[in-house]
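Novice: coordinates only, sequence not included:
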């Protein structure tokens, strides 16, 4: 049995309907001098885990994303084994949300809960319109949601509402000032009274 580790997420991806990258975050635990060393080696995360060799360069990542897209396109549900990785997917209008973890030590329920929380948080932030154009326009909030969900391969939050609340911009505590003819006349009459009082004091 593999050692248990907090470092359970290898990558978080969003691919479009053609398999092109919309968002990709590959995780490596901190304090690594080289891939497969440091914390991951000490904890025995195992092949396919965050920070393990195989997904370090952009070329390797692109090839991996192509393999993942081909695997998903064949169908077969939301969970796909792609040794040494386990792929979980969530379809949206023209996007596929993907979470990658190590096949030999992943907890599928935890990964599914994490992916669902991220997808639902993005849906809340984009007001239910989760499609490529809206994700690209709100990419700053989507990236923040990804960072609030997973950090360095560790799941931080699985509550979509909490993730969205941390990411969304708080509204200022100001009330809207309505300027119309009545408010302008009121301001004019107040000014006129004050000027008259000042002249009277002279």
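Specialist: Yep, it's here. Only a predicted model underlies this, so the values are computations on that prediction, with no experimental measurement involved.
Novice: contacts only, for residue 120.
Specialist: Counting by Cβ atoms under 8 Å, 6 or more residues apart in numbering, residue 120 touches residue 160. Placement of C-beta: from N, CA and C, glycine included.
Novice: and with 10 Å instead?
Specialist: By Cβ atoms under 10 Å, 6 or more residues apart in numbering, residue 120 lies in contact with 90, 130, 145, 159-161, 163-164.
Novice: which SSE is it in?
Specialist: Residue 120 is part of helix 108-125, with elements assigned from DSSP states H and E.
Novice: roughly how far does residue 114 sit from residue 78?
Specialist: Going from residue 114 to residue 78 by Cβ to Cβ, to the nearest Å gives 13 Å.
Novice: hang on, the earlier thing: C-terminal to the helix holding residue 120, what's the next element?
Specialist: helix 132-137.
Novice: of residue 114 and residue 78, which one has the most company?
Specialist: Neighbours per residue (other Cβ atoms under 10 Å) separate residue 114 from residue 78, with residue 114 holding more: 23 against 14.
Novice: chain neighbours aside, what residue packs nearest to the more buried one?
Specialist: residue 155 (5.0 Å; Cβ to Cβ, 6 or more residues apart in numbering).
Novice: OK, contacts around the one you found?
Specialist: 6-9, 99, 101, 107, 110-111, 113-114, 117-118, 149.
Novice: could you give the bridge partners of it?
Specialist: Beta-bridge pairing for residue 155 (DSSP bridges): residue 150.
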